[in-house]
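**Q** quick check, what structure comes out for this input:
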Amino acid sequence: MNKIGFAVTGSFCSMDDMLYVLKQLCQKYEVEVFVTPHVRDMDTRFYSHSQLMQLIQEIICKEVHTTIQEAEIYGPHPQLDAVVIYPCDATTLNKIDLGINDNCVTMLVKSCVRNQIPIVLGVYSNDVLSNSGIHLLSLFNKKNYYFVPMFQDHYQKKPHSMIAAKDRVLSTLEAAFEHRQYQPFLLGYKKV
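**A** Numbers count the residues shown, from 1 in each chain. Sure, this is the predicted structure:
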């Protein structure tokens, strides 16, 4: 059974989608969960941090990784077959592209890239069609990065926003194991 690192970043409106994806992955793979400090510590209008962490732990039945030190060991001693970041917010997307390592999730990516394992990004961003787009396209062109297909989100009110399709994560991961990008990547727009 393949072992997956599942990383959660602070696109807080997508936590229900994240829980859905996490449940799917746990049915098929062994999963280790990694979260950013924002996910670990912030209460939002969607979930309190303690409620969200409890829901994640109930799904995986083990501790969640929250520190740089916990993530770092996954590089020198390869233990994962792939990493899925879902949701991947724009800040994390940009940091990964620029090689910035300042939290559990960015350290996980840095540790695993050295082992050339697939990194699957499920991007949720209000500015991926503007400011953050350059980083998405840059990573799209780099080896071992794969993207969950995306659609434009609320294009009338948020014309630069795109989000990953939660029902395409497993297919994207399977394609990434074969070192190919799942297609089609662009899915159009969400009807509003």
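**Q** mind jotting down where the strands sit in the chain?
**A** 3-8, 30-35, 82-88, 119-125, 145-147, 150-152, 162-164, 186-189 (DSSP state E).
**Q** now mean pLDDT, mean neighbour count and distance to residue 100 too, for the ones you listed, in a markdown table please.
**A** Just so you know, the C-beta spots here come from the backbone N, C-alpha and C atoms, and that holds for glycine as well. Putting these into a markdown table (pLDDT from 0 to 100; neighbours: other Cβ atoms under 10 Å; distance: least, Cβ to Cβ, whole Å) gives the following:
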| stretch | mean pLDDT | mean neighbour count | distance to residue 100 |
| --- | --- | --- | --- |
| strand 3-8 | 96 | 25 | 15 |
| strand 30-35 | 96 | 22 | 16 |
| strand 82-88 | 97 | 26 | 14 |
| strand 119-125 | 96 | 26 | 15 |
| strand 145-147 | 98 | 22 | 15 |
| strand 150-152 | 92 | 20 | 23 |
| strand 162-164 | 93 | 26 | 21 |
| strand 186-189 | 87 | 13 | 27 |
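**Q** closest to residue 17 out of those strands?
**A** Closest to residue 17 of those, according to Cβ to Cβ: strand 82-88, at 7.1 Å.
**Q** which strands or helices does that closest one pack on?
**A** Where contact means 3 or more Cβ pairs under 8 Å, 6 or more residues apart in numbering; DSSP states H and E, strand 82-88 is packed against strand 3-8, helix 15-28, helix 104-113, strand 119-125, strand 162-164, helix 169-177.
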